[in-house]
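1. give me the fold of what follows.
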Amino acid sequence: MNRKSFISKLVVLTGLIAIISGLLLFYPQLETKIDATDETDITQLEDATLEEKLAIILDNSNLEGGVTGVSVLDATNGEQLFSRNADIRLHPASNMKILTAVSALETLGPNYRFTTEVLTEGRVSGKVLHGNIYVKGKGDPTLLQSDLEAFAKELKKQGIHKIKGDLVGDDTWYDDVRLSQDLNWSDEPFYTGAQVSALTMSPDDDYDAGTVIVEVRPSGKGKKAEVTVTPENNYISIENKTKMVANGEEKDISIERQHGNNTIVIEGEMPKDGSISRSWASVWEPTNYVINVFRQTLEEEGITFIGKSEDRFEATPSSAEVLVAKESMPLKELFIPFMKLSNNGHGETLVKEMGKVVGDEGSWDEGLTVMKDVLGELGLNVDTILLRDGSGMSHKNLIPAVELSELLYVIQEKDWFTSFQSVLPVAGHPERMIGGTLRNRMTDSPATKNAIAKTGSITGVSTLSGYVTTADGKEVIFSILINNFLGSSATIRSIEDSIVNVIADHEF
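-> Predicted coordinates:
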């Protein structure tokens, strides 16, 4: 064995041993203990079949009492290379986003774009718009404050300096159900459980729609920490209960929006030499949020409302004309933050968008029906899956590992497959928008910059499904669904990583 090969094998074995509670692995066929420091034993493991290697990894006390489903396929012909509980329905967590992304690419296409429009049914006379301004949202999660500023500048360029009318938010492209049916109460105040509206906006270019960024930093003056909100608005109210403490003391800051309103409570201690605490808080009623920020933006641009002007929320009249509009980037680009960063809001928005485009109803029920139909047409056994949302936050979503792996197999023939493949996180790649949720996993291993896969994690659930190339060039598909574990999520993730590394290092 050459030195390079030996080091590669040693890396794999070290990972295997670390995930087993003891220092030893058992090789059942030889009925001898494998010592990672013994090159002879490494050779014995090298000569084992893939099934034998994966069986060793899965014989792990950390998996006892739970259920682990694993399906490994040859990507060229769909042949089953390994199966363990692969036909048992399990919770996919964010592996659900694979189903959502595939359905959206098949239904909407990789070049589909969301739009936001500013309209009026009024007329301009002497720099005064006599009529209402309507902001009609069509699901775009990429709307930023800078877009609202561009709208305001364009209105002024068109000769509108004053508005004698109301500012109206139109979110009727979707229904008014803001949260998916199984979302946990504890997730609702945070970006992971942000409300979905057809008219929404994001505070950043990760496009965390329906949220604001709250930052807490040491204050040079006063007894409380300094708090800032992005974007600046008067829709959110801050209740600052923080306390400044001496240099070197422990920082302990919590940031949480109250249920049912837009008061964000900030509590805890901030040392004078403390680092910034940052959190993405969801807003209550994103439509109102957009209109609040847009009115503020118009006024900052010098466009004033005259008379008794109100913020209202209703459908745009069919007679209204578009003054200015904005399109999102195409889906194949939006899918970078959606899949690589596992953006929950994008998943739920896509479900409603599919429902609207196909069934003319922007609802979860219609969108999930569309998804089920599409997945059935792609060959999945839809009688053995349960779809409850588009993000995987629901603990009621169910799919067997074999169905996920077979989906990853059949879509290779689609003309949009490269768009899908390119947005999967890349194992061990340090760049955030390439490695995504895998950038700190499987580093310095056979899977590094080789495996591409979607991660998933909710309480008691960890999942990983994707593609990897073996040491002798075979393209392999894998789906790993681990449910009902009680221990450390990090330990479970290391088991997943070891499975992928063993596949990557294997020679058939």
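2. and the helices in the stretch 1-150 of the chain, which stretches?
-> 3-19, 39-46, 50-58, 96-107, 145-157 (DSSP state H, counting those that start in this stretch).
3. where among these is average confidence lowest?
-> Among the helices of the stretch 1-150 of the chain, helix 39-46 carries the lowest mean pLDDT, a mean of 42.
4. neighbours around N77, how many?
-> Other residues near N77 come to 7 when the count uses other Cβ atoms under 10 Å. All C-beta atoms are positioned from the backbone trio N, CA, C, and that covers glycine.
5. what pLDDT does D373 get?
-> D373 is given a pLDDT of 99.
6. which SSE is it in?
-> Here D373, judged by DSSP states H and E, is contained in helix 364-377.
7. distance from the chain centre to that helix, please.
-> Chain-centre distance of helix 364-377: 20 Å, with Cα atoms, centre = their mean, to the nearest Å.
8. dump it to CSV, restricted to CA.
-> Extracted C-alpha coordinates of helix 364-377, given in CSV (Å, rounded to 0.1, in the frame of the first residue of the first chain):
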residue,chain,number,x,y,z
TRP,A,364,-50.4,24.8,1.0
ASP,A,365,-53.1,22.3,0.2
GLU,A,366,-53.1,23.0,-3.5
GLY,A,367,-49.3,23.3,-3.7
LEU,A,368,-48.8,20.0,-1.9
THR,A,369,-51.3,18.3,-4.2
VAL,A,370,-49.4,19.6,-7.2
MET,A,371,-46.2,18.2,-5.7
LYS,A,372,-47.7,14.8,-5.1
ASP,A,373,-48.9,14.7,-8.7
VAL,A,374,-45.5,15.7,-10.1
LEU,A,375,-43.6,13.2,-7.9
GLY,A,376,-46.0,10.4,-9.0
GLU,A,377,-45.4,11.3,-12.6
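9. who does that helix touch, helix- and strand-wise?
-> In terms of contacts (3 or more Cβ pairs under 8 Å, 6 or more residues apart in numbering; DSSP states H and E), helix 364-377 is packed against helix 96-107, helix 344-359.
10. would a markdown table of those with mean neighbour count be doable?
-> Output for the helices and strands packed on helix 364-377, formatted as a markdown table (neighbours: other Cβ atoms under 10 Å):
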| stretch | mean neighbour count |
| --- | --- |
| helix 96-107 | 25 |
| helix 344-359 | 25 |
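11. after the helix holding D373, heading C-terminal, what element do we hit next?
-> Downstream of helix 364-377, the next assigned helix or strand under DSSP H and E is strand 399-400.
12. hmm, who's touching that following strand?
-> Defining contact as Cβ atoms under 8 Å, 6 or more residues apart in numbering, one finds that strand 399-400 is touched by 69, 71, 86-90, 92, 95-96, 99, 384-386, 481.
13. of these, which is the nearest to V265?
-> Ranked by distance to V265 (Cβ to Cβ), the contacts of strand 399-400 are led by M96 at 31.3 Å.
14. any idea how far that closest one lies from N262?
-> Noted for M96: a distance of 29 Å to N262, by Cβ to Cβ, to the nearest Å.
15. over to I163?
-> Distance from I163 to N262, by Cβ to Cβ: 25 Å.
16. try G307
-> G307 is 27 Å from N262, by Cβ to Cβ.
17. which one's more surrounded, the two?
-> Neighbour count, other Cβ under 10 Å: between G307 and N262, N262 has more, with 20 against 9.
18. okay but that one is in contact with Y235, surely?
-> Yes. Checked against Cβ atoms under 8 Å, the pair N262 and Y235 is within contact range at 6.0 Å.
19. need the overlap of contacts for the two.
-> Overlap of the contact sets of N262 and Y235 (by Cβ under 8 Å, 6+ apart) consists of V283.
20. return the alpha-carbon coordinates of stretch 74-85 using PDB.
-> Output of stretch 74-85 as PDB, limited to C-alpha atoms (Å, rounded to 0.1, in the frame of the first residue of the first chain):
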ATOM      1  CA  ASP A  74     -25.500   2.900  -8.600                       C
ATOM      2  CA  ALA A  75     -26.200   6.300 -10.200                       C
ATOM      3  CA  THR A  76     -25.600   4.900 -13.700                       C
ATOM      4  CA  ASN A  77     -28.200   2.100 -13.700                       C
ATOM      5  CA  GLY A  78     -30.200   2.400 -10.400                       C
ATOM      6  CA  GLU A  79     -28.900  -0.900  -9.000                       C
ATOM      7  CA  GLN A  80     -29.300  -1.200  -5.200                       C
ATOM      8  CA  LEU A  81     -25.800  -1.400  -3.700                       C
ATOM      9  CA  PHE A  82     -26.900  -1.300   0.000                       C
ATOM     10  CA  SER A  83     -30.200  -1.200   1.800                       C
ATOM     11  CA  ARG A  84     -31.000  -0.900   5.500                       C
ATOM     12  CA  ASN A  85     -34.600  -0.200   6.500                       C
END
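21. now do it, average pLDDT.
-> Mean pLDDT, stretch 74-85: 99.
22. picking that back up, looking at the helices and strands packed on helix 364-377, which is closest to E267?
-> Closest to E267 of the helices and strands packed on helix 364-377, according to Cβ to Cβ: helix 344-359, at 25.4 Å.
23. which strands or helices does the closest one pack on?
-> The contact analysis (3+ Cβ pairs under 8 Å, 6+ apart) places helix 344-359 against helix 96-107, helix 364-377.
24. which other residues reach the longest one?
-> With Cβ under 8 Å, 6+ apart as the test, helix 364-377 has contacts from 99-100, 102-103, 106-107, 177, 180-181, 348, 350-356, 358-359, 382, 385, 387-390, 407.
25. for V245, find the nearest of the helices and strands packed on helix 344-359.
-> Minimum separation from V245 across these (Cβ to Cβ) falls at helix 96-107, 41.2 Å.
26. and that closest one, how far from the chain's centre?
-> Distance, stretch centre to chain centre, for helix 96-107: 13 Å (Cα atoms, centre = their mean).
27. and it, what does it pack onto?
-> Helix 96-107 sits against helix 331-335, helix 344-359, helix 364-377, helix 401-410, helix 417-421, strand 452-458, with contacts defined as 3+ Cβ pairs under 8 Å, 6+ apart.
28. distance to G222 for those - can I get that in a markdown table?
-> Converted to a markdown table, the helices and strands packed on helix 96-107 look like this (distance: least, Cβ to Cβ, whole Å):
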| stretch | distance to G222 |
| --- | --- |
| helix 331-335 | 42 |
| helix 344-359 | 35 |
| helix 364-377 | 46 |
| helix 401-410 | 53 |
| helix 417-421 | 51 |
| strand 452-458 | 39 |
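29. of those, give the one that comes closest to L50.
-> helix 401-410 (14.5 Å).
30. which parts of the closest one are buried?
-> Across helix 401-410, burial judged by 16 or more other Cβ atoms under 10 Å covers 401-409.
31. do stretch 142-160 as well
-> Buried residues in stretch 142-160, counted by 16+ other Cβ under 10 Å: 142-145, 147-149, 151-152, 154-155, 160.
32. on that earlier part again, and the helix holding D373 with helix 96-107, angle?
-> For helix 364-377 against helix 96-107, the angle by axes from the mean of the first three to the mean of the last three Cα atoms, to 10 degrees is 80 degrees.
33. using JSON lines, lay out the helices and strands packed on helix 364-377 together with distance to T369.
-> Output for the helices and strands packed on helix 364-377, formatted as JSON lines (distance: least, Cβ to Cβ, whole Å):
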{"stretch": "helix 96-107", "distance to T369": "11"}
{"stretch": "helix 344-359", "distance to T369": "7"}
